[in-house]
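# Model the structure of this input:
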Amino acid sequence: MKGRLLLFVIGLVFISSNLYAQRSISGKVTDSKGDPLGGVTVQEKGKGNQTLTNSSGNYSISISEDATLVFRFIGYTTAERKPSGNIQNVSLTEDQSNIDEVVVTAFGIERDRKTLGYSTPKVSGDEVAETQREAFFNGLQGRVPGLTVNSSSGLPGASAQIVLRGFISISGDNNALIIVDGVPIDNSVVNEADMVHVGTNRENDYSNRGIDINPEDIESYVIMKGAEATAMYGSMGAGGAILITTKKGKAGRASVNYSYSGRFEKPYRYPERQYIYAQGTNGVYTATSAYALGPKYNENEVLHTDNTKNFFRTGFNHKHNLTIEGGSDAITYRWSNEYFDNKGVVPNTSLRRFTSRLTGTSKINSKMDMNTTFSYMNSHNDKANKGDVGYLMALLRFNPRWDVRDWIDEGGNRVLHASDIYNEIDNPFWDAYKNTAYDDVNRMIANSQFNYKPNSWISMQATLGMEYSVTNGFKIYHGQSYNGSGNSSDPDLGEMYIYTRGARIFTGGYRVTTRNSFFDKKFTMQNNLAANIYDYHYNTDSQYGRKMYDPNFYNINNSDPDERRAKNYIDRYRIMGASLQSVLSYKSLLSLTLTGRVDASSRLMPNNPVFAYPSASLAFNFSEFDAVKENYNWLDEGKLRFSISRTGKGPFRSFATRSNLETQMTSGGGFAYGVNGGNPNLFVETTEDMEGGLDLSFFKRRFTMDFTYYRRRSIDQIFNPRLSYATGFILKLINGGTIEANGIEIQSNVAPIRKPNFNWDITFNYTKQRSIVKSLAKDIPESYDSDTWLTGGVRSAVFIGESIGSLSATKFKRNDRGDILINPQNGLPLLPSESTFGYVGDRIPRFTLGIVNKFRYKDFTLNFLWDSRVGGDVYNLLDYRLYTLGLSSQTLNREEPRVVQGVLEDGLENTDNPTPNNIAVTPYYTSGYYYSSVTGEKFVEKNIWTVRLRDITLSYLMPKNLVRRIGPKSDLSLFCTLTDVVLLTNYSGLDPESNSNTPGIGGIGGYGIDYGNMTRPIGFNFGFRLKL
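Predicted structure coming up:
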């Protein structure tokens, strides 16, 4: 009994001593900016005792007397502290060595970057937003290898092609798919072929609908370029995808964020014209002539040579962003609002945009959570006409004896210098203010995501998305304008176009993911089973009216009933698909991914709607070998990756498998077959993709390099050749043709300086790619896009054995030896009775290089981007038009006689002794020389290079003690940004990165054809960001 009592006493003393050694520690965990971090694991080192910080970053834990606390949080360096008192606060810093280790891939699947067998570059949303571009995609140019953004102009709301790894489809859509929080969104451009009385996509621009997204709402971009990367998206992702993750609310106290940005814009490259010779032809003056082939101006005459600069204005835009966010551990919210008003450098052009976005997250229980987002966008874009009927050509053709600012009288009528309106080119101010066009868009997007994880090895996700938009468009040519007047025998009295485009998109998806490990956790298996549906329906109602009764009232009921036309166009299709992906990994060393996808597309009904394609990838992380870790500790990461895949793409037009009745726009109306013939045997266009790469990281990520080589082969191309009129149709979609492409992409990051108060990081993005047409269907020698055939006989086309970015042009009539044939009557070259076209250039650059520099010194940051394109040809169509009109400086030697090289067409041209041309021509007296002696081929400028300083941003974070009066947790930063500051180029025109058409026409389109558009102006932004 005494022994038991002694043991009890000893045990009681031991327990009491341990209880006495325990103490309670509390504190707060914050990030480097002082913001609280919720969910941080706080653990007693060597013990299972742990807790989590709450949404305010606070924690409390009981530990033994001499314990050490360990603080762990994903994305931050682990910290250890040995508390000396009862309070222990900790500030965690971001872990640069583990940044971006988890990548969100298709359908929101989170993958360890080490398991990926393909390239997945990532860009910060804030990095793009700080460029202050009106559209997020313009801010991505130069920041990602393999990504090309081709803007149509520098005006508000300009459209753009967004292409990953080059053009691979002859006539189809080459643009990347845009995914926002796992849901595909509409980034299309209006195609004028859907509307009445238009259809060339030349005179008017239409914004990509991706312009509706507020860049300030975006957390990050993941660029999915290869077919394996987008395999689970099926045919929708055949052109690659940009995965956008938006910002969500943060748990903690409610915070209010406001930012303001103001921006001034000014053109700095102007088109040049000559001021030596006046309007007229053959040396004879005609004041209202479009040609400047008349006599010389008087030496003492004062000309308005500043008309060009007097026309353009200083553009200004301002942007306001207001965000409210907060929440608890269970629920978070974020409500963001943006107002953006951009007035362009061309008078009466603007883009106004309002967006409001509400995002909520809810943790229903420990196994289920939900994210929901609702967005409303409204934009209004006032546009200027472009091309042959636009402001720029009107400005250059305007008689410099007149002041361009004198364009309207007190009664609101056009100022005329001729006897009537039918013969005088429009004053560009009249064109800008009276020949107007606008688009007004109202758009709503709602999506919800449900996540359920019943246990550690399985998770499920369901997504639902709905998008609805209505676009109302309007375009007029005033009755007093040159373009809207017609002629004296048949006056137009003005004309108008209106359209309403309604679009509805429904998306739904479901995914099940399982994760298992076996063989002592050396092997892991992740399986992803997914299914989705994409249902697209849009309807375009358009009307055209002419001969307005009241010249200043543009309503369809104010037009002559006999001159009215109407058209209704419906496009609807549905894609359903299912995919299975399995990822088998051995430790962190080796990962094999196998994916299979099956799609069913309504556009290929009824014969070939279903198609399937597989893909596979392998990732080998050789830096995970123990021997490498021990002997090469300077190597952070070394990975070899390889992938092969196949993907399919359906036709770019609905109802392509049958001939359809369409609304007739001529008198009497009714229905008849359209210009497009049906092809019931049409099947999917297939692309085979192979990618290999090497990822390296050294010296704690002071130097990284991602190298990729890829090959692509696209077979059974779907394109739109012209038919014999005897078929009853003009165009028909057919399969045929092969494109082979290959390329190299390198992204390298260097950190020359990394100090506590000073960092310097450089990123290099290099791309080299080439796409060659290996065959075309039915031995077609050339396939061209008629919408790009503007003037000068040059157009976008493809030839067997040449680049997909080829240009073709008319050729002069020649003899059997290839000599140009000359008209013996006037000494001018002859054109064949049927135009002969041939290859004249390739618009694809040899390589591109983007260099991003980032400096941080204490609270100052300086970022800037140099972007260059080397190689590729550009058709300077603007200079061609100025040449044929006598406005180009190349025509100033017009009084000098010259002989066009060639042989006379005198019956001897194909003999052994053709007659050389010796007929002298003096262009001053023979105005036809300038539009008869050249073709557009002469104005295809070769091997163009550009170097641009796209943007430079300086920001300063104000010290806490200076902003403490605003609020104890407030932050205030100031910034200024310059965009498009420097353009160095050997191109003689305005901007080689131009597009004469819109992306609505498909294929490569009018990229590299420069006509009637202004370049991007210099922009100076200033503003601040305030957090309360």
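
# Find me the pLDDT at the nearest residue to T946 once chain neighbours are set aside, would you?
Leaving aside its chain neighbours, T946 sits nearest to T985 (4.4 Å; criterion: Cβ to Cβ, 6 or more residues apart in numbering). To be clear about C-beta, it is placed using only N, CA and C from the backbone, and glycine gets the same treatment. At T985, the model reports a pLDDT of 96.

# Over to the one 4 residues further on?
The per-residue pLDDT reported for G989 equals 92.

# now swap in S748 and tell me
pLDDT at S748 comes out at 96.

# Quickly find the element holding it.
Element membership of S748, judged by DSSP states H and E, is strand 738-754.

# quick one on the thing from earlier: pull the contacting residues for the residue nearest to T946.
I944, W945, T946, V947, P992 (Cβ atoms under 8 Å, 6 or more residues apart in numbering).

# for L849, same thing?
Applying Cβ under 8 Å, 6+ apart, one finds that L849 lies in contact with F764, N765, Y766, T767, D867, S868, V870.

# Can you give me the neighbour number for E624?
By other Cβ atoms under 10 Å, the residues close to E624 number 17.

# so what's it up against?
So E624 contacts K114, K587, S588, L589 (Cβ under 8 Å, 6+ apart).

# residues near the nearest residue to the second one once chain neighbours are set aside, how many?
Nearest in space to K587, with sequence neighbours left out and distances taken as Cβ to Cβ, 6+ apart, is K522 at 5.7 Å. For K522, the neighbour count with other Cβ under 10 Å is 11.

# What residues sit buried inside stretch 623-633?
Residues of stretch 623-633 classed as buried: S623, E624 (neighbour count, 16 or more other Cβ atoms under 10 Å).

# What's the end-to-end length of that stretch?
End-to-end distance for stretch 623-633: 9 Å, by Cα to Cα, to the nearest Å.

# Show me what the mean pLDDT comes to for it.
Here the average pLDDT along stretch 623-633 is 88.

# And it, how far out from the chain middle?
41 Å (Cα atoms, centre = their mean, to the nearest Å).

# Quickly note the distance from N58 to G27.
Per Cβ to Cβ, to the nearest Å, N58 is found 7 Å from G27.

# got the residue ranges for the strands in the stretch 651-800 of the chain?
Assigned by DSSP state E, counting those that start in this stretch, the stretch 651-800 of the chain shows strands spanning 661-663, 671-673, 676-677, 685-698, 703-715, 718-719, 731-732, 734-735, 738-754, 758-775, 782-784, 794-799.

# Sort out which of the contacts of T985 are in helices and list them.
Members of these lying in helices (criterion: DSSP state H): none.

# Mind checking which of those are in strands?
Among the contacts of T985, DSSP state E puts W945, T946, V947 in strands.

# List phi and psi for the residue nearest to the first one when sequence neighbours are not counted.
For W945, ignoring the flanking residues on the chain, the nearest one in space by Cβ to Cβ, 6+ apart is V870 at 4.6 Å. Dihedral angles phi and psi of V870 (degrees, to the nearest 10) take the values phi -120, psi 120.

# tell me the contacts of V870?
By Cβ under 8 Å, 6+ apart, V870 lies in contact with P845, R846, F847, T848, L849, W945.

# burial measure for the fourth one, as a count.
Right, T848. T848: 23 surrounding residues under other Cβ under 10 Å.

# Could you report the pLDDT at the closest residue to N86 other than its chain neighbours?
Nearest in space to N86, with sequence neighbours left out and distances taken as Cβ to Cβ, 6+ apart, is I25 at 6.0 Å. Looking at I25, its pLDDT stands at 91.

# For I25, name its beta-bridge partners.
I61 (DSSP bridges).

# Likewise for V794?
A809.

# wouldn't it be in contact with G838 here?
No - look at V794 against G838 with Cβ atoms under 8 Å: they stay out of range, at 10.9 Å.

# intersection of neighbour lists for these two?
Common neighbours of V794 and G838 (Cβ under 8 Å, 6+ apart) are S808, A809.

# Pick out whichever of those two has more residues nearby.
V794 (26 against 13).

# what about that one, distance to S808?
7 Å.

# list the residues that contact both of the two?
V840.

# According to the record, where do the domains of the protein fall?
Following automatic domain parsing, one gets these domains for the chain: 23-94, 102-270+312-390+435-654+668-805+843-873+942-1027.

# Flag every buried residue along stretch 946-965.
Quick answer for stretch 946-965 (16+ other Cβ under 10 Å): T946, R948, L949, R950, D951, I952, T953, S955, Y956, L957, M958, V963.

# now, among those, which is nearest to D571?
Nearest to D571 among the buried residues of stretch 946-965: R950, at 35.3 Å, using Cβ to Cβ.

# and I170, what does it touch?
Applying Cβ under 8 Å, 6+ apart, the residues near I170 are Q717, F719, G737, I739, V773, S783, V798, I804, G1003.

# can you map out the helices along the protein?
Using DSSP H, helices in the chain cover 2-21, 125-129, 136-140, 307-311, 391-397, 428-434, 626-631, 877-884, 928-932, 960-963.

# Could you export those helices to a markdown table, including columns for distance to G596?
As requested, the helices of the chain are arranged in a markdown table below (distance: least, Cβ to Cβ, whole Å):
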| stretch | distance to G596 |
| --- | --- |
| helix 2-21 | 59 |
| helix 125-129 | 33 |
| helix 136-140 | 31 |
| helix 307-311 | 59 |
| helix 391-397 | 52 |
| helix 428-434 | 55 |
| helix 626-631 | 34 |
| helix 877-884 | 47 |
| helix 928-932 | 59 |
| helix 960-963 | 55 |
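
# about what we covered before: output the buried residues of stretch 946-965 as JSON lines; include the columns distance to Y376 and pLDDT.
As requested, the buried residues of stretch 946-965 are arranged in JSON lines below (distance: Cβ to Cβ, whole Å; pLDDT from 0 to 100):
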{"residue": "T946", "distance to Y376": "38", "pLDDT": "97"}
{"residue": "R948", "distance to Y376": "35", "pLDDT": "96"}
{"residue": "L949", "distance to Y376": "36", "pLDDT": "96"}
{"residue": "R950", "distance to Y376": "31", "pLDDT": "96"}
{"residue": "D951", "distance to Y376": "29", "pLDDT": "95"}
{"residue": "I952", "distance to Y376": "34", "pLDDT": "97"}
{"residue": "T953", "distance to Y376": "29", "pLDDT": "96"}
{"residue": "S955", "distance to Y376": "30", "pLDDT": "95"}
{"residue": "Y956", "distance to Y376": "34", "pLDDT": "94"}
{"residue": "L957", "distance to Y376": "32", "pLDDT": "90"}
{"residue": "M958", "distance to Y376": "33", "pLDDT": "89"}
{"residue": "V963", "distance to Y376": "32", "pLDDT": "81"}
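
# from those, which is closest to T687?
Taking Cβ to Cβ as the measure, T946 is the one of the buried residues of stretch 946-965 closest to T687, at 29.5 Å.

# mind checking pLDDT for the closest residue to I179 other than its chain neighbours?
Nearest residue to I179 in three dimensions, chain neighbours excluded: L243, at 4.9 Å (Cβ to Cβ, 6+ apart). Looking at L243, its pLDDT reads 93.
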